[in-house]
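Trainee: Provide a 3D model corresponding to the input given below.
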Amino acid sequence: MDIKNIFGINQPYGQNRVGRNDSGESSSVSRGKAGSSGGASGSSADRVTLSDGGRLVSVATRTAQEAPESRADKVASLKAQVEAGTYQPDSKKIAEKMLTMESELFG
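Mentor: The predicted structure is shown next:
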């Protein structure tokens, strides 16, 4: 099945959109074709305005992607303890962390 010309628009996602960011300012995302702007350069560029929250998420995502997946030395040590049957987790410490996380999530 091939669906075209939805609501009389050939490219519904190619239209300009205007929205509001977290600070209430208008922001726009425009996607134009080369030569359609009629400006001096002869082409239009895509433009995105991010809110402070969006920038924070972007930085956090980039930092997480650049970080190593795990601390190999600690994982190897814990794995050896589990395999040897000598691993004894501190249940009090685990419970404290769980309560701390719950209070951070739910207040």
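
Trainee: backbone torsions only: list them for residue 47.
Mentor: Here is the backbone geometry of residue 47 (degrees, to the nearest 10): phi -140, psi 130.

Trainee: apologies, that question was intended for residue 70.
Mentor: According to degrees, to the nearest 10, residue 70 has phi -160, psi 170.

Trainee: same check on residue 93?
Mentor: phi -70, psi -40.

Trainee: who's in contact with it?
Mentor: Applying CB atoms under 8 Å, 6 or more residues apart in numbering to residue 93 gives no contacts. (Each C-beta comes from the backbone N, C-alpha and C, glycine too.)

Trainee: what's the per-residue pLDDT of it here?
Mentor: Note on residue 93: pLDDT of 96.

Trainee: then residue 9?
Mentor: Taking residue 9 on its own, its pLDDT is 61.

Trainee: just the one 10 residues further on next, same as before
Mentor: Note on residue 19: pLDDT of 57.

Trainee: check residue 43 too.
Mentor: In this model, residue 43 carries a pLDDT of 71.

Trainee: again, but for residue 5
Mentor: pLDDT, read off for residue 5, is 65.
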